[in-house]
Structure formats: structure tokens, C-alpha cells
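In: Give me the fold of what follows.
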Amino acid sequence: MTAVWGVLVALGALAFLLGVNSADAARVWCVYLANLVFWGGLAVTGPAIAGMMQLTEARWSPSVRRLALTTAGFLPAAFVLLLFLILGQDALYGRWLHPPAEIEALVARKAAWLNAPFFWARTLVAAAALFAVAFAFVRLLVRAPAHAGNEAEQSRRNRLAVVLLMLWVVTISLWGFDLVMSLDPSWYSGLFGGYFVVSTLYTGFALLAIHTVRANARGLATVPPGAVQDVAKLQFALSIMWMYFFWSQYLVIWYGNVPIETRFVVARFFVQPWQTLAWVVMVVGWLIPFMYLLKRLTGRPPQRHTPLVVMAVFGLVGIFLERLLVIVPSVLPQAAGFPLGWRELLISAGFLALFVLSRRWFFARFRPVLDI
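Out: Now for the predicted structure:
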């Protein structure tokens, strides 16, 4: 199976290289950016979830905490891919690097923040600091289980968890503001960074639900049904919070009715093909998981967890499509069709395969003791 994942990585890389040297380079870079923020966010959110469990002393399942750490294997690859993104700056961020005449004055007022050297410096420094702290936290937790009476060890872990969570919130917010929102420099939202953090955390808990059920099924861990139910509760809570942040942003824009703000929403929710995609995101990413999890959490905890895995996959697919929905119309406002042809699917499959291989590398390198 490893060979199959390796072939997918190679095919994804080949599709990307052919794409960036074609007439559709901007579209290929859009898909690259969507995959980068999606998989990179998942990779760093796993350790962040473990940090939340550390600070809240969540003792309901140490195995689940260890499973959350395993996404850190993708962090080195994510940083290299982030460096590679610089090559696509003209295709992605051309509207403020080389602004057209109608927004030249507006971009000039933002030049202190939106200039290439400062933009990439803060992006790379924040990512490097976050990834380094995440790895330090992971090594501390997988090195050996902390004994109940070892207060010094617990204190060290708590301090590192605080630093990790602060860096995680700041960096993921910056990804939202800088890497995504600045694609269209004439649109702005003070809530977008928080929205990006919450939606990334939703994907983190959805992936954790999948890992928990799979680890149980493969005998890598013995997670009790109550702990699986707790993961489902957290996934449910984050799905609601994601939608809460979306509506908070939408209602403010709708109520203000300022053209420079409303056009962002109009382009995505009232113009094809984005209107269809927006409804797919709403139904697949939120409505179906919400209805299932609401029923699951109001009855006796089920013994079969396959529907939970399916709902988690729906959540992940929904947020991935939402990343495309937010990114592509900003770069290609006149795009005639949905930006997922065979080339874009191969690039996305390559990212998925690289994520899986990186997580396998993590198991081989750190050998986390999951069944504790």
C-alpha cells in the first residue's frame, strides 16, 4: 500500500509541474493553496488538540490524545510546501503585488502590511515557530507517560501547551487573513481569521474521529465507546461553532449592505458555478453531519461507528470544498467552470498521499504507545 501512496504523490507532483507550466497556472496554484492550508492546518491542529487536552486535564482517554499527535508527521513537508508557495505569488497575489488601476490607491494604503518581504517573512517565521513548538510538544508527550505525582513534568507540558496554542491561534488566523483573504485585497473581514481557526479545528476533530475508530478496529488502541462518543461530541460542537462563525460574518455583511463587502458573498452564493458548490458545502459539510450527530448524541452510544466515520469524511470534504470556494473566485473571478478536473484531483490526491505517508513515518520514527 505504501507503494500506491508513493505513486499518487509522484502523479500529483507531475500534474502540478505540468499545470504550473500551462495556461492554467493560476488555477493550479489555487488548488495548491487550498490543499496546503487544508492539510497543513490538519497537521498542526492534531498537536493543538492534544495541547487542549493537556491543559484541561482530559483524562477520559490518553490514547485519543496520542492519536491526535500523529498528524505532526506532515509538518516538515508542510513547511517545504509553504516555501514552494512563494513561486506562485504572482499568480495568486498579483492583485496587490501588481494592482490594477481601480484598486491601486486602496492597495497603496495597505502597503505597510501587504508587501512581499513582510508578507512572506511573517508567514514563514510564524509557521516555523509553530511547527517547532508542535514538534517539541509531541516529543515531550510521546517520550514517556507522565506519572501522576510528577508535577514538574506536568508543569513543563502545560507551559509548552500554552505556547503551542497561542502560536496555533495566531498562525492559523494569519493563514486566513494573509494566505486566503489577501487574494482579494479590496475585501476584508475582521472575523475571517477566527472563522478560519474554527473551521480548521472542526476538520481536526473530524480527522481525530476517523483515527480513533480506525485505531480501535486495527487493534492499535483500546478506546472505550464512551471516549469515541466524546470525540463525536467535540466534532458536533465544532460543526455548530463553524456555522455560528459563518452566520455571524454573513449577517454583519447582509445588515451593513456595503457593496465592497457584499460582492464577496454575492460572487459565491448567487453566481454559478459557485452557488451550487456553496450549497454542497452547506449540506455535505454541515447539515448532514449535524443531523446525524444530533441523533447519535441524544440516544444511547452506538456500538457501530461506521456512520461516525462517514460523517467525519463529509465534514472534511465539506471544508476542503469550502477552501476552494473561498480561494478560487478571488483569483479567477471569471472562471467558467468548477476547478476540479483530472489535474486538480491528482494534485489533491498527491497531497492526501503525502499526508498518509508522513503520518506513517511518524509511527515508525516515534513509535507512540497508543494503548495506554
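In: Okay, and the closest residue to residue 280 other than its chain neighbours sits in which element?
Out: Excluding the flanking residues, the one nearest residue 280 by CB to CB, 6 or more residues apart in numbering is residue 321, at 6.2 Å. Heads up, the C-betas are built off the backbone N, CA and C, glycines and all. Assessed by DSSP states H and E, residue 321 sits inside helix 306-331.
In: Please identify the buried residues of that helix?
Out: 308-309, 311-316, 318-331 (16 or more other CB atoms under 10 Å).
In: so where do the helices sit in the stretch 101-250 of the chain?
Out: 104-109, 116-143, 151-174, 192-217, 225-256 (DSSP state H, counting those that start in this stretch).
In: list the helices and strands the longest one packs on?
Out: Put plainly, it is helix 225-256. Helix 225-256 is packed against helix 62-69, helix 192-217, helix 259-269, helix 288-297, helix 306-331, with contacts defined by 3 or more CB pairs under 8 Å, 6 or more residues apart in numbering; DSSP states H and E.
In: Please repeat the previous calculation with a cut-off of 10 Å.
Out: When contacts are defined as 3 or more CB pairs under 10 Å, 6 or more residues apart in numbering; DSSP states H and E, helix 225-256 packs onto helix 25-55, helix 62-69, helix 192-217, helix 259-269, helix 288-297, helix 306-331.
In: pLDDT averaged over the first one - what is it?
Out: In this model, helix 25-55 carries a mean pLDDT of 94.
In: got it, and the last one?
Out: Summarised as a single mean, pLDDT over helix 306-331 is 93.
In: So what angle separates the directions of it and helix 259-269?
Out: With axes from the mean of the first three to the mean of the last three CA atoms, to 10 degrees applied, the angle from helix 306-331 to helix 259-269 works out at 130 degrees.
In: Please name whichever of the helices and strands packed on helix 225-256 is nearest to residue 103.
Out: With CB to CB as the criterion, residue 103 lies closest to helix 259-269 of the helices and strands packed on helix 225-256, at 10.1 Å.
In: can you list contacts of that closest one?
Out: Residues from elsewhere that reach helix 259-269 (CB atoms under 10 Å, 6 or more residues apart in numbering): 106, 181, 184, 186-189, 192, 249-250, 252-254, 256, 270, 274-275, 277-279, 281-282, 322, 325-326, 328-330, 333.
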